[in-house]
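Colleague: Quick one: sequence plus predicted model below, questions after.
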Amino acid sequence: MAVFPVQQCLILLFCLCVAETTLSKSDRGKKKKENKIQVSDKNVIDRGLVTKNPTVKDIFKQHALYYDRDAEVANFQGETLAYVTPWNNHGYDVAKLFGSKFKYVSPVWLQVKRNQRGIYSIHGTHDIDKGWVADVVKGRQTQMVPRVLFDGWTYEDFTATFNSEDNIEDCIDSIIKTLKTYKFSGAVIEIWSQLGGNLRKELVHFINHMGEMFHEAKKELILVIPPPLYGKTVDGLISKADVDGMADNVDRFSLMTYDFSNPNRAGPNSPLPWVKECILALAPEQDSPIRRKLLVGLNLYGLHFKTGGGGGHILGSQ
């Protein structure tokens, strides 16, 4: 269990990366044996799992067990967001069973596209499972906020959109119409990292416009943002000034504090000092309004690096 010195003011985000399958309705019933959720008669504390030194044996034995009396209990006092990802078929069951533990659940379903005529459309709606959505939110405070990816956009698509207020509104309106159609509470927008740190001024303007239109439509806006730094010498793709410039119109920032290392620089996935540095880089003051909007990413997986490069994610069942 990671404990941050600043945890009283943090909002944590949990990523449900538990299984390796694609996101399609036809695959959701095909669950691997090792991913079957099983009930335990003791909680994690009584089983001795809350420790700085977990054993390999315990991980193999305990990764799929849960204490049924705590299934609907949210012990964490802040807010949580859970992604149900394309490789996370098992995440559908996890979100349905433990939905009360999350304020937000974000299935990775939707993409906004721009065609050659400059018309914006939302793709991926065929993956929306209305029955599952109802099961997750029914009788709970949980809000369904699908992730929206700006998929397949070229640099020209971005500049053509950002340089026209009409295009900006058309793009945002296409997202809002979909949120209204399916009665979603809002959306998680993933766009910032796709531009590699370029067009920041235009991005800030675009996101502010989006926040205004979302709030007018009574929808929440959660923005995915990259880490502001990688160690002492490498800046990230976003700065405190960027985040400050959007804070009035963004409800939550989903901070990607994981995958610190990569195949070319093997090392820890989310070193705790780095996570803290990222938080302080964006919100140095304890009473900062930005800090109250941060959903700090906690990876629930590891990475396995191979000699000479490459590798992949390591799951509990492995």
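Modeller: Right, received. Where do you want to start?

Colleague: Distance check, Q62 against L315.
Modeller: Separation of Q62 from L315 (Cβ to Cβ, to the nearest Å): 14 Å. The C-beta positions use only the backbone N, C-alpha and C, and glycine is treated the same way.

Colleague: same thing with G197?
Modeller: G197 is 31 Å from L315, by Cβ to Cβ.

Colleague: Which one's more surrounded, the two?
Modeller: Neighbours per residue (other Cβ atoms under 10 Å) separate G197 from L315, with L315 holding more: 18 against 15.

Colleague: The stretch 151-300 of the chain: strands as residue ranges?
Modeller: 186-190, 220-225, 229-230, 234-235, 252-255, 294-298 (DSSP state E, counting those that start in this stretch).

Colleague: helices and strands around the helix or strand hosting V39, which ones?
Modeller: Using DSSP states H and E, V39 sits in strand 38-40. If contacts are counted by 3 or more Cβ pairs under 8 Å, 6 or more residues apart in numbering; DSSP states H and E, strand 38-40 sits against strand 65-67.

Colleague: What are the contacting residues of the strand it packs on?
Modeller: Strand 65-67 is contacted from outside by I37, Q38, V39, S40, D41, K42, N43, V44, L97, F98, using Cβ atoms under 8 Å, 6 or more residues apart in numbering.

Colleague: Spatially nearest residue to the last one (excluding sequence neighbours)?
Modeller: What sits nearest to F98 in space, not counting adjacent residues and going by Cβ to Cβ, 6 or more residues apart in numbering, is A71, at 6.0 Å.

Colleague: Tell me the spacing between the one you found and G48.
Modeller: 20 Å.

Colleague: Looking at this structure, which residue reaches furthest from the middle?
Modeller: Most distant residue from the mean C-alpha position of the chain: R117, 31.5 Å away (Cα atoms, centre = their mean).

Colleague: quick one on the thing from earlier: switch the contacts of strand 65-67 over to TSV; also include neighbour count and distance to F150.
Modeller: Formatted as TSV, the contacts of strand 65-67 follow (neighbours: other Cβ atoms under 10 Å; distance: Cβ to Cβ, whole Å):
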residue	neighbour count	distance to F150
I37	16	34
Q38	9	39
V39	10	41
S40	14	42
D41	10	47
K42	12	45
N43	16	42
V44	16	39
L97	16	32
F98	22	30
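
Colleague: Out of those residues, which is nearest to M213?
Modeller: Among these, F98 lies closest to M213 (Cβ to Cβ), at 32.3 Å.

Colleague: from what I can see the closest one touches V73, true?
Modeller: No: shown here, F98 and V73 do not form a contact pair, counting by Cβ atoms under 8 Å, at 9.5 Å.

Colleague: Show me what counts as buried in stretch 81-92.
Modeller: Buried residues in stretch 81-92, counted by 16 or more other Cβ atoms under 10 Å: L81, A82, Y83, V84, T85, P86, W87, N88, N89, H90, G91, Y92.

Colleague: can you check stretch 162-178 too?
Modeller: F162, N167, I168, C171, I172, S174, I175, I176, T178.
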